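Participant: Build me a model:
(5 chains, ligands or ions: 5)
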Amino acid sequence: MNVQPTHWRSDAMQRRIRRRYAAERRFRLLGLGAVLLSAAFLAFLLVTMVANGARGFTQTEVRLDIDFPASDLFLDPAQLEGSNADAALAAVDLHGTMRAAAERQYGQLAKGLLSDGAWLRLREAIRDDPAMLNGVATLWLPASDAIDVAAKGAGAPEAEAAYQQLKEREAVSTGFNSRFLTGADATDPTVVGIWGAFKGSLLTMLVTLALAFPIGVLSAVYLEEYAPRNRWTDMIEVSINNLAAVPSIIFGLLGLAVFLNFMHLPRSAPLVGGITLALMTMPVIVIAGRNAIKSVPPSIRDAALGIGASRVQVVFHHVLPLALPGILTGTIIGMARALGETAPLLMIGMRAFIATPPGGITDPATVLPVQIYLWSDEVSRGFVEKTSAAIIVLLVFLLAMNGIAIYLRNKFERRW
Amino acid sequence: MTDTIERATTAPTAPAAPAAKMTARGVSVFYGDKKAIDDVSIDVSQENVTAFIGPSGCGKSTFLRTLNRMNDTIPSARVEGRIELEGENIYASSMDVVQLRARVGMVFQKPNPFPKSIYENVAYGPRIHGLASGKADMDVIVEKSLRKAGLWDEVKDRLQDSGTALSGGQQQRLCIARAIAVDPEVILMDEPCSALDPIATAKIEELIHELRGRFAIVIVTHNMQQAARVSQRTAFFHLGNLVEYGETSEIFTNPRETRTKDYITGRYG
Amino acid sequence: MTDTIERATTAPTAPAAPAAKMTARGVSVFYGDKKAIDDVSIDVSQENVTAFIGPSGCGKSTFLRTLNRMNDTIPSARVEGRIELEGENIYASSMDVVQLRARVGMVFQKPNPFPKSIYENVAYGPRIHGLASGKADMDVIVEKSLRKAGLWDEVKDRLQDSGTALSGGQQQRLCIARAIAVDPEVILMDEPCSALDPIATAKIEELIHELRGRFAIVIVTHNMQQAARVSQRTAFFHLGNLVEYGETSEIFTNPRETRTKDYITGRYG
Amino acid sequence: MSLLAITLLILGLGLVAWLTARAKAMAFAGPGKARPHSLPSYHGWYVALWALVPALLFLAIWSSVSGGLVTQAVLDNPAAANLPAEPMQRASILSEARALAGDELRAAFNPEARTLAPVYEEATNRYALIGGAVALLLAFAGGAYAYTRLSPHFRARTRVERLVMGLLLLASLIAILTTLGIVLSLLFESLRFFSMVSPIEFLFGTNWSPQTAIRADQAGSSGAFGAIPLFWGTVFIGAIIAMIVAIPLGLMSAIYLTQYAKPAVRRWMKPILEVLAGVPTVVYGYFAALTVAPAVRDFAVAVGIPGASSESALAAGLVMGIMIIPFVSSMADDSIAAVPQAMRDGSLAMGATTSETIKKVLVPAALPGVVGGVLLAVSRAIGETMIVVMAAGLAANLTANPFASVTTVTTQIVQLLTGDQEFDSAKTLAAFALGLVLFIVTLLLNIVALRVVKKYREAYE
Amino acid sequence: GDGAGGGAGDARSQIRIVGSSTVYPFTTAVAERFGQANPNFSAPIVESTGTGAGLELFCAGVGTKHPDVANASRRIKASELADCQANGVNQVIEVPVGIDGLAFIQANGAQPIPLTLEDVYEAIAATPYGKPNTAKTWADVNPDLPAVKIQVYGPPPTSGTRDALAEMILEKGCTTNPEMKALKDSDEDQYKSVCTKVREDGVYVEAGENDNLLVQKVAANPGSVGIMGYSFLEENSDKVRGLTLNGVTPTYETISSFDYPGARPLYIYVKGEHISAVPGLREFLAEYASAWGDDGYLADRGLVASPADVQASAKTAITSLTPVKASDLK
Ligand SMILES: Nc1ncnc2c1ncn2[C@@H]1O[C@H](COP(=O)(O)OP(=O)(O)OP(=O)(O)O)[C@@H](O)[C@H]1O
Ligand SMILES: Nc1ncnc2c1ncn2[C@@H]1O[C@H](COP(=O)(O)OP(=O)(O)OP(=O)(O)O)[C@@H](O)[C@H]1O
Ligand SMILES: [Mg+2]
Ligand SMILES: [Mg+2]
Ligand SMILES: O=P([O-])([O-])[O-]
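Facilitator: Ligands and ions are numbered 1, 2, ... in the order given. Down below sits the predicted model:
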């Protein structure tokens, strides 16, 4: 039929085939390379963060022996009974006492040995055990940033030397830094904690969830199940699709212009942050919700309608329960995105220095990613590892959320 | 094949003029501008099983769905003409569609049990219509319906199992039980056996035989042998038109129209 | 229906023992652990059109796809047994699957032209296999193939139009032309008319008649009348088994197995 | 009576309404009687809603207007006679008095507030009492009215469902409101900006130096608002460098994972790549600034490229590209998956190899979808903020040297709006104008992309 | 807004502080210590907005919405005080907290650039002595300096450091030229523009109110010069070092003695109207006073203590709460 019959076994044909297979192999390798390279980027990113951040969870401590009777601290254990302990402790100069004790014990080394916040530990120790005021107490207090960094092998030469001396005297140890998980922001990297930012994130997410989830699910139901096709619903649909792609910083501008400057809601508060992020998250939930609802087979709706269920009953008895896993997956993913969001919150002032965890949604607060951003700007060596440590905490949370989402998706994924 | 023809001929002959349960007069259905059903008039009686046959896309399902207003769920669909259920116009504004669908039940091509327990599948309809006054009442309804659908013995020990865990044929009978549970007057079936194996098909066909007389039954099928086996009256649709409607035995042995004959002898479809 | 029987009986009788182009011996196919084809042996000859019939899910498509190793594209699929093309084991490691598929062409249920021009659709195969040495050469191949597929006159003035812009029947003929263009020895067709209207179906059936003898043709169909019309040999599959294989006229008038008879008379499927 | 107490009381009333109405409706059904239209619980809901909705709505309105009424009452009190006339001071004294009255503040900034506090408290209580009484009355009236309407034929379900539908519609309107909010706030502030700076200069000027003086006796910069260098920087980083990284990697990853990889590999690699999209951008920014940027600069210095900066466009673009990979790959994945299996089978059945099938059939067929996906990715990249804020520069350079520093629209928005809070200077408003441009551009990109993708999907429907 | 609508969010229990980024590290340290030592008060909220922007916020009015304290790295201007008074803020209490030096920094490894005031002026002024600035490298400005590209990261106009740069460095460098001195008397506006306007051709990059970022940028780009408070230099001596100005290196001593040309006092401004209304404000000021001495913890953070007499008068200002008078300012 052809110009000449095909000779599949001819040499030319065989060569051609070999060439084609070589091209095939090359292409396949290229694809594999792309996947591996992308995965390698991720691995590199994570390894960098973990390598930097692991040290952020540890803290070097220095031993300090304080001879309270000999110190110029005039504090009677009896004053520390009951409710006025705080007042009594506030009235004395614990910081000075600590300094003096350090100088007595370490002489030259004492300057820049202890963290600025070390006296807090002293205060807590005294409050817990006022009896120590009667004699010599041995305390382990957080070392200064310089010593801490030196202990982790990256310090300046003088600090390294000081650390070696301390080590010979068995006066230092490096251990898990629980304060990092329980404290709030501070100016000194040795006493900073992420609990303040974390709590801010929690409160913000709470507001976001409380707004975005119901609104998102209800609009998804409306659009997917009831909305007539007309100009209005088209507009709603277009709005939602576009909102999902609007850069997050624009939501920040909206928050700034509307919630702060027009409605005068409190600046830096989780309330405003939460509303802003809710506006951003809602379209994500709507879109995920619509997909989940869409994937409930029409035969279920037909079945229910066919025995005389009303349309509202069809949705609330059948469609929503079946779509719920999908909706939840979408919600978790949307919330994870909101949890990692920084830019819009910068716009509404959640970037102030706030040393106490927020008590409610109208208190000034910051959130984890913003805290990371703020710490990343700090130059002190100690903040580098704290930043990475905070990143680890954030990533653990996000990965956990995404993991739950993937688990839900796999567990409830139905093939109808 | 001769065998089939025999069956069709020996099928019980329908009474001459049975009282019509539902009547359709001059019904046309449009999807947007497209006419899918053109001026169809038909009577459905309680005594007979009525079969709709015709090539794919001829409008059988479309017409069936107008009978319980399931086409309301398709935004573009529009119905003209008059359909009555026991003399009541079902497209009148005073007709409550929810109650209509309880009176005119439907069984679909693919078995579509709810992903709930067998019990809940059957109990759902009575519950939303408030047909049972208590748990005991409901138990009775569920058992009766499952019995009528010939499923009771197979599932009575596992009523709490999911309805979707049943085999295809059982699922379809469950769907029939579910439709029966709200005590309908008419049952519409859209190719109820096309997804089933021969044995399950035979069971459903038997069930239809048993239900005849208690409910007016309309069945759409693409399997002409099936139409011949289960129905007493057959309507042949083509391109949205009702080409021929009459006694099943007549249609299969002695069709009046050539289109009917061509279709029955497999020249197209 | 009597008409159909007539047709089947008058179909051209196949020569007694035609030389087999492809032979399958003891072929079983598994999807994972599930056996979809169980121990099937069959011969396909160039002189005859072979039809595979059987109820849905019985494994017709699965078996057809083993003949040009298209099942390789399904990761879970596994083939046992031996299939030969002109005496060569097509599952041997020395067999090049790319060439095999050029020699055993395939036409699918839904017409699937590439979203390219008509010309490019036909030229695609010759081009990847390097069958044409230049533009003029290619033009000749394209014209010849389209002529053989009976499409040339309809499309010769719009070879640059998209293949997807053709009607369904034309698209299917385009797919046949595409398969022919690489000069295959066998053409496999998986329900090639099931998505087409009666007129297009008739055209394709006519085309199959014309191609018979030049290519070994295997056709899967769910329309028994079609099998009777176009094939000389028919294989009846059921639940993965080859129940009966023989002359088409025999199978339709005088089936040896009751399962075959039940199927042909419409008792299931 | 506090707002909370009234609300609880009304909710309680609602519950009672529900119970009684349901009980009444239960009596409708029974042997020998016609089947009632709606289930008893729907009757319950109907009456409960009539009791609740008007009362709660009234309360909501009341609580928003009663503040003004209370203030008015306080102002009418003789004790308020000697308040300062200056509105700002007056307002702050009043708000303090309210805080004092509500025990939210210990002491007052202004002594006048202390004298006004008791007046405030008294007025607040009076209005709360009035509001509470009216709300309760409304609840009773609504419930009673609804109760009288109940009958076996009453379509309670239809009514209740209509309300549910209204609620759903309302929820979906929030999206329009948000869009409107964005557009209006951007537009409003931008108009103010454009009344100071001509749009022509803003859109086509090549000089960006917005840090104007904030006092008359200061010499700041000239206040040049030519945003071209910003637009260029944004495009350079987001649409050029990032895409050069993301398109090949994303596309090839998608192809490999969908066409070649074993299911097990695909099952693991796909979520792993998706993690790249889930990493917060602030982390990428930190990574870019801390690790990538110095490396890029060191490299540029080592090979002697002039103008190398530690805030290179390359570093930011590279990291942004990595972030975008999963985005491109999932879009490409979707588009390729949307090509009917029949296409692929058709080509393979002709004897084409997998890569030939991909290159000659799948990718061309999926191209519109892929292009749409890339457009979406671009729109994401140019709106991305943290990476560029942390890793890109501040200098508005117009350069094509990837090792030099450029600045972007989002970086400048953050620069202009953090710290400074003057809300009527061109400098602050410029951020909104930039935001408007960003919004419009991403919007257009999205509309075009979604159109393309949709058209493409329809082609294979 | 009407100020009387709104919700309960109007009351406030924390002290709110805005203003200078130079003073920011000191104020945050005090805020932190204050919060730790007084668990019954919430810690103050401190935001770094730059001196100018901070004073503007501060002067916007009395009430919970307005900050209580403004950090300033320069003295309040008469124009700003007038603004305050126009908005009802009459009790602006000035508290000098210490001294800072306007430091020019570069990365530790880079080639040193010993600067004079004229060099700085000629390098970064928009129109040195009235002629357009074309200098590309430091050698273009002064042949004795290395031929390193001029790249300066400095503060924006919202910043007090920018004002200090203009007044203490640029104007001084500018007026070494007698013509310019004459211009000051003849055409004040022209003089301001010629002497204090900074280049806008990308040589001088305004790095916002984040001095940490500035240190990082300078450290990452050897050859560039940063302008910022001395405390940041001291805190980051492992990364950056100070350039000599007219031969004087910025150190604690040279700044304390005002030998260093960039030495300047730092202030906080307190709103007298808020003293009794905001819980803890008084205690906060007391904490500040305890920290600014030679041996206070702020010294560890790079604050240069004021002379003893200034410290004493600052302490009186806190207790007596006498507002600053416009006549003292310029
Ligand atoms: N929702 C719809 N929108 C528009 N057209 C439709 C819709 N449903 C069906 N049609 C069209 O109406 C005509 C009749 O369709 P219908 O489903 O009633 O046919 P049928 O006889 O049931 O076919 P089958 O045997 O394939 O089920 C067909 O042309 C079909 O394309
Ligand atoms: N990719 C697959 N993976 C697993 N099982 C499959 C796959 N494809 C087909 N099967 C199963 O193999 C059996 C035979 O399927 P096949 O498609 O060959 O049937 P068929 O006779 O062609 O049916 P039809 O007439 O519906 O096309 C069926 O049970 C089917 O479910
Ligand atoms: Mg149908
Ligand atoms: Mg098949
Ligand atoms: O200290 P400043 O931030 O105002 O320069």
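
Participant: quick one, what contacts the closest residue to ligand 1 within the stretch 51-200 of chain D?
Facilitator: In the stretch 51-200 of chain D, the residue that lies nearest ligand 1 is residue D:165 (23.0 Å; Cβ to the nearest ligand atom). Yep, even glycine has a C-beta here, placed from its N, CA and C like the rest. The contact partners of residue D:165, by Cβ atoms under 8 Å, 6 or more residues apart in numbering or on different chains, come to A:222, A:226, A:312.

Participant: which residues of the stretch 151-269 of chain B fall in strands?
Facilitator: Using DSSP state E, counting those that start in this stretch, the strands found in the stretch 151-269 of chain B span residues B:186-190, B:216-220, B:233-238, B:241-247.

Participant: give me the element the nearest residue to residue D:361 once chain neighbours are set aside is part of.
Facilitator: With sequence-adjacent residues excluded and distances taken as Cβ to Cβ, 6 or more residues apart in numbering or on different chains, residue D:361 is closest to residue D:347, at 4.5 Å. Per DSSP states H and E, residue D:347 falls inside helix D:341-349.

Participant: if I look at the residue most central in space within chain D, how far off is residue E:244?
Facilitator: The residue lying closest to the centre of chain D (Cα atoms, centre = their mean) is residue D:178, at 7.3 Å. According to Cβ to Cβ, to the nearest Å, residue D:178 and residue E:244 sit 56 Å apart.

Participant: coming back round to it: and the helix holding residue D:347, what does it pack onto?
Facilitator: In this structure, helix D:341-349 makes packing contacts with strand C:104-107, helix C:168-181, helix D:354-357, judged by 3 or more Cβ pairs under 8 Å, 6 or more residues apart in numbering or on different chains; DSSP states H and E.

Participant: at 6 Å what do you get?
Facilitator: In terms of contacts (3 or more Cβ pairs under 6 Å, 6 or more residues apart in numbering or on different chains; DSSP states H and E), helix D:341-349 is packed against helix D:354-357.

Participant: centre of the chain versus the helix it packs on, how much separation?
Facilitator: Helix D:354-357 sits 43 Å away from the centroid of its parent chain (Cα atoms, centre = their mean, to the nearest Å).

Participant: With stretch B:257-268 instead?
Facilitator: On Cα atoms, centre = their mean, the centre of stretch B:257-268 falls 23 Å from the chain's centre.

Participant: avg pLDDT for it?
Facilitator: When pLDDT is averaged along stretch B:257-268, the result is 76.

Participant: For the helix ranked longest in chain A, give the mean pLDDT please.
Facilitator: Secondary structure of chain A per DSSP state H: the longest helix is helix A:11-53. The average pLDDT for helix A:11-53 rounds to 92.

Participant: and that helix, does that touch chain C?
Facilitator: Yes: using Cβ under 6 Å from any Cβ of the partner chain, we find that helix A:11-53 touches chain C at residue A:16.

Participant: which residues does residue B:244 contact?
Facilitator: Applying Cβ atoms under 6 Å, 6 or more residues apart in numbering or on different chains, we find residue B:244 in contact with B:236, B:256-257, B:260.

Participant: quick revisit: same for the longest helix of chain A, what does it pack against?
Facilitator: Helices and strands touching helix A:11-53, by 3+ Cβ pairs under 6 Å, 6+ apart, are helix A:381-412, helix D:242-255, helix D:263-278.

Participant: Paired strands for the following helix or strand past that helix, with orientation please.
Facilitator: Where DSSP H and E defines the elements, the next helix or strand beyond helix A:11-53 is strand A:58-67. Looking at strand A:58-67 with DSSP bridges, its partner strands are strand A:136-142 (antiparallel), strand A:172-176 (antiparallel).

Participant: so what's the residue in chain E positioned nearest to ligand 2 up against?
Facilitator: Nearest to ligand 2 in chain E, going by Cβ to the nearest ligand atom, is residue E:220, at a distance of 56.8 Å. With contact taken as Cβ under 6 Å, 6+ apart, residue E:220 is in contact with residue D:310.

Participant: Just want to check the distance between it and residue A:102.
Facilitator: According to Cβ to Cβ, residue E:220 stands 36 Å off from residue A:102.

Participant: same question, residue D:333
Facilitator: For residue D:333 relative to residue A:102 (Cβ to Cβ), the value is 62 Å.

Participant: Return the list of helices and strands in contact with whichever helix or strand residue D:23 is part of.
Facilitator: Per DSSP H and E: residue D:23 is located in helix D:3-26. For helix D:3-26, the packing partners by 3+ Cβ pairs under 6 Å, 6+ apart come out as helix D:40-76, helix D:111-149.

Participant: out of these, which comes closest to chain A?
Facilitator: Comparing the helices and strands packed on helix D:3-26 against chain A with Cβ to the nearest Cβ, the closest turns out to be helix D:40-76 (9.9 Å).

Participant: Pass me the low-pLDDT residue ranges in the chain, would you?
Facilitator: Unless you meant another one, I'm taking chain A. Along chain A, segments meeting pLDDT under 70 span A:1-6, A:413-416.

Participant: Correction: the question concerned chain D.
Facilitator: Applying pLDDT under 70 to chain D picks out residues D:1, D:31-32, D:84-89, D:91-92, D:103-110, D:419-423, D:459-461.

Participant: Say whether ligand 5 is contacted by stretch E:71-87.
Facilitator: Yes: Stretch E:71-87 reaches ligand 5 (Cβ under 6 Å from any ligand atom) through residue E:73.

Participant: which residues are in contact with that stretch?
Facilitator: D:215, E:19-20, E:22-23, E:27, E:51, E:55, E:59-61, E:92, E:160-161, E:163-164, E:266-268, E:326, E:329.

Participant: Now do it, average pLDDT.
Facilitator: The average pLDDT within stretch E:71-87 is 91.

Participant: Which stretch among the strands paired with strand A:58-67 is buried most, on average?
Facilitator: Using mean count of other Cβ atoms under 10 Å in any protein chain shown, the stretch among the strands paired with strand A:58-67 with the greatest mean number of neighbours is strand A:136-142 (a mean of 17).

Participant: ok, then the element right after that one?
Facilitator: Next helix or strand after strand A:136-142 toward the C-terminus (DSSP H and E): helix A:145-151.

Participant: tell me what that following helix is packed against?
Facilitator: Judged by 3+ Cβ pairs under 6 Å, 6+ apart, the packing partners of helix A:145-151 are strand A:58-67, helix A:157-168.
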